[in-house]
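Colleague: pasting a predicted model and its sequence here:
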Amino acid sequence: MAKITVYVPAVDDYRSKVLEKAIEMAKYNLNVDFDIYPIDLSTDMILMRSFDAQELAKGLYDGGYNRDEVSIFFVRKDVKTADTNFCFGATMGKTILLSDYRINHGCYSEAEKIAMLTYLIEHEIGHAFKAADDLHYGDGIYDMHCLNEKCCMQQVQSLDELRDFAKRNMTCRGKYERGCFCSHCKKRFRRFYATE
């Protein structure tokens with residue numbers, strides 16, 4: 001089984017509590033185990049040079065942070081790509097960079113924030129384990145994403161889409177529902193997770 005390490009900002013505040021709950025929910029939904037470490041990435045030079053999520057993920061990967069395992073780095077800054085003015089994160093090989101900046105600065109309930117962050121964690125871990133790598137629709141943005149609206153490998157590009165996805169998949173108790181992947185993506189995720 002693969003090992004997944006999550007690096008969280010080294011601060012203890014409300015945002016950290018929300019993130020902690022989202023990590024626990026993703027761990028439960030995916031039925032995987034995480035090692036969690038606080039880290040202060042604000043001093044890392046790669047984060048001083050760019051706000052581009054893909055460059056940051058590549059820099060962390062090239063920097064040698066646990067290259068042989070899936071590593072998730074949370075940053076408290078807004079990130080973007082060459083094609084967008086903001087994005088939620090990026091995956092480079094086994095290195096995942098996620099930003100909780102816009103979710104934390106939006107007018108969302110705690111349950112919504114937890115569900116939105118849980119989706120992001122599950123989605124990027126899905127990419128790291130090739131959950132939707134075989135799905136191609138002829139439109140680059142939807143390649144390697146699922147069209148099933150209940151699958152966490154669905155592509156979301158705005159906070160509204162992310163919130164709507166999270167709300168659709170929350171139970172009446174305000175918890176994110178178990179079974180985050182559709183059957184196709186879950187089968188691929190399990191296969192690649194088991195062989196890492």
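Modeller: Structure's in. What do you need? For clarity, every value in this text was computed on a predicted model and none was experimentally measured. Numbering: from 1, shown residues only.
Colleague: helix/strand/coil for Glu124?
Modeller: Taking DSSP: H, G, I helix; E, B strand; the rest coil as the rule, one finds Glu124 in the helix state.
Colleague: show me the contacts for the nearest residue to it once chain neighbours are set aside.
Modeller: Excluding the flanking residues, the one nearest Glu124 by C-beta to C-beta, 6 or more residues apart in numbering is Ile96, at 4.4 Å. No exception for glycine: its C-beta is placed from N, CA and C like everyone else's. Counting by C-beta atoms under 8 Å, 6 or more residues apart in numbering, Ile96 touches 57, 70-73, 89-90, 124-125, 127-128.
Colleague: next SSE downstream of the helix or strand harbouring Ile96?
Modeller: Following DSSP states H and E, one finds Ile96 within strand 95-99. Using DSSP H and E, the next helix or strand after strand 95-99 towards the C-terminus is helix 101-104.
Colleague: residues making contact with that following helix?
Modeller: Contacts of helix 101-104 with the rest of the structure, by C-beta under 8 Å, 6+ apart, involve 15, 18, 75-79, 86, 88, 113, 116-117, 159, 162.
Colleague: output it in PDB with nothing but the alpha carbons.
Modeller: C-alpha atoms of helix 101-104 as PDB (Å, rounded to 0.1, in the frame of the first residue of the first chain):
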ATOM      1  CA  TYR A 101      -6.900  30.500   0.600                       C
ATOM      2  CA  ARG A 102     -10.200  31.200  -1.300                       C
ATOM      3  CA  ILE A 103     -12.200  28.700   0.700                       C
ATOM      4  CA  ASN A 104     -11.100  30.200   4.000                       C
END
